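> Coordinates for the following, if possible.
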Amino acid sequence: MDLSLNLLDLEKTPASDVKAKGWPELMRKVARLGAVVVTNHNHPQAVVVSAEEYQRLVAQASGASAAAQRAQSLKQLQAEFDAHLAVLDGGKTLAKALDRPARRGLKIIPGKSL
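Residues are numbered from 1 along each chain as shown. Here you go, the predicted model:
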């Protein structure tokens with residue numbers, strides 16, 4: 001069920017109607033419309049949705065949060081990688097090291113010319 005993100009677009013029911021007509025009537029409206037805004041003196045006080053819809057919304061919000069955390073982690077890893085890559089002096093030091101034949105016993109120190 002795709003609900004409107006705007007409270008003004010949802011069906012409204014005064015709290016006094018909920019009291020007078022009872023909870024079952026409100027839940028029939030929720031079942032029919034998906035969500036109902038309960039108002040008090042024409043001001044939105046609550047949005048009533050089914051338990052299934054609530055669980056879907058929470059899962060959706062959790063998924064968005066997890067995606068944002070993954071994006072932040074990737075950004076941090078990229079920054080760390082870029083910092084390590086910068087030590088290689090734009091690739092010049094690495095290219096020199098790869099062009100020379102390997103010698104036994106030679107210590108390679110990052111950031112230092114060979």
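> Check the spacing between residue 39 and residue 53 real quick.
Residue 39 sits at a distance of 20 Å from residue 53 (criterion: CB to CB, to the nearest Å). (Each C-beta comes from the backbone N, C-alpha and C, glycine too.)
> Repeat that for residue 69.
The gap separating residue 69 from residue 53 is 25 Å, by CB to CB.
> Comparing these two, which shows the higher neighbour count?
Neighbour count, other CB atoms under 10 Å: between residue 69 and residue 53, residue 53 has more, with 15 against 10.
> The more buried one contacts residue 35, doesn't it?
Yes - using CB atoms under 8 Å, residue 53 is in contact with residue 35, at 7.1 Å.
> Could you look up the SS state of residue 107?
The assignment at residue 107 comes out as coil when based on DSSP: H, G, I helix; E, B strand; the rest coil.
> and residue 110, what helix or strand is that in?
Residue 110 belongs to no helix or strand when assigned by DSSP states H and E.
> Ignoring the adjacent residues along the chain, who's closest to it?
residue 87 (5.3 Å; CB to CB, 6 or more residues apart in numbering).
> Do a quick rundown of the strands in this protein.
11-14, 35-40, 43-49 (DSSP state E).
> wait, which of those strands is closest to residue 23?
strand 43-49 (9.6 Å; CB to CB).
> Which strands and helices lie in contact with the closest one?
helix 23-33, strand 35-40 (3 or more CB pairs under 8 Å, 6 or more residues apart in numbering; DSSP states H and E).
> rewinding a little: quickly compare the strands of the chain and say which is most buried.
strand 35-40 (a mean of 17; mean count of other CB atoms under 10 Å).
> Partner strands of that strand and their direction?
The strands beside strand 35-40 in its sheet (DSSP bridges) come out as strand 11-14 (parallel), strand 43-49 (antiparallel).
> Just put the helices and strands packed on strand 43-49 in a markdown table and tack on mean pLDDT.
Formatted as a markdown table, the helices and strands packed on strand 43-49 follow (pLDDT from 0 to 100):
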| stretch | mean pLDDT |
| --- | --- |
| helix 23-33 | 93 |
| strand 35-40 | 95 |
